[in-house]
Structures are given as structure tokens and as C-alpha cells.
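Q: here is a sequence with its predicted model. Questions after.
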Amino acid sequence: MSVKLRLTRIGKKKQAYYKIVVTDSRKSAGNKCIEQLGSYNPNTDPAEIKLDEERTKYWLEVGAQPSETINSILKNKGLK
């Protein structure tokens, strides 16, 4: 199974809010996720990022591939 770290959009129209999830890459982003790792709110200044760092490190160690946006979030947090 190919696993990815990606964002799933929730929230109202024009008020995006995202969950950071671990999911099977063969399914769409809106499908059921394996695990929820945190949240990302780009509407605040600066953007609010909540992340379970231990679980994120675990998923990266077992081979999960982050999306481009998640990769930049991880770099900001110092995890990559």
C-alpha cells in the first residue's frame, strides 16, 4: 500500500481549513483516512499549524510520502 501525508479540506466556502492526514495514495483526498495528524489554518496571520510530531516522524520513517504542501509545512516545523 502506498501511503501519503496530505491535506483534506474542511470548512466553509472561502474559509478553508485543512486536516493533515495519512491516507492511501490511490484514493481521493476526501476518502477515509488512516490517521489524522493535525490541522492547518491558512486564514490566520501567521498560519496556524497543529501537528502531532511523534506520529508524523513515525509515518515518515515507515515510508509515507508527503505532498508538496505538507513538505513545506514539515520544513517550517523543522521535521524535514
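A: Here it is on my side, so go on.

Q: I'd like to know which elements the helix or strand hosting residue 55 is packed against.
A: Here residue 55 is covered by helix 53-61, with elements defined by DSSP states H and E. In terms of contacts (3 or more Cβ pairs under 8 Å, 6 or more residues apart in numbering; DSSP states H and E), helix 53-61 is packed against strand 3-12, strand 35-41, helix 68-77. Any C-beta I mention is one placed from the backbone N, CA and C, and that applies to glycine too.

Q: just put those in CSV and tack on distance to residue 56.
A: Formatted as CSV, the helices and strands packed on helix 53-61 follow (distance: least, Cβ to Cβ, whole Å):
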stretch, distance to residue 56
strand 3-12, 7
strand 35-41, 5
helix 68-77, 7
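
Q: so which of those gets nearest residue 54?
A: Nearest to residue 54, of all the helices and strands packed on helix 53-61, is strand 35-41, at 9.7 Å by Cβ to Cβ.

Q: what's the mean pLDDT across that closest one?
A: Averaging pLDDT along strand 35-41 gives 95.

Q: swap in stretch 71-80?
A: Mean per-residue pLDDT for stretch 71-80: 89.

Q: same question for stretch 5-23.
A: Across stretch 5-23, pLDDT averages out at 92.

Q: same deal with stretch 45-54?
A: On average, stretch 45-54 scores 93.

Q: re the thing from before, list the contacts of the helix holding residue 55.
A: Applying Cβ atoms under 8 Å, 6 or more residues apart in numbering, the contact partners of helix 53-61 are 3, 5, 22, 35, 37, 38, 66, 74, 77, 79, 80.

Q: do that again at 10 Å, thanks
A: Helix 53-61 has contacts (Cβ atoms under 10 Å, 6 or more residues apart in numbering) with 3-5, 20, 22, 34-38, 52, 64-66, 70, 73-74, 77-80.

Q: what residues sit buried inside it?
A: Across helix 53-61, burial judged by 16 or more other Cβ atoms under 10 Å covers 56, 59.

Q: need phi/psi at the residue most central in space within the chain.
A: Per Cα atoms, centre = their mean, the C-alpha nearest to the average position across the chain is that of residue 20, at 2.6 Å. As for residue 20, its main-chain torsions (degrees, to the nearest 10) stand at phi -90, psi 120.
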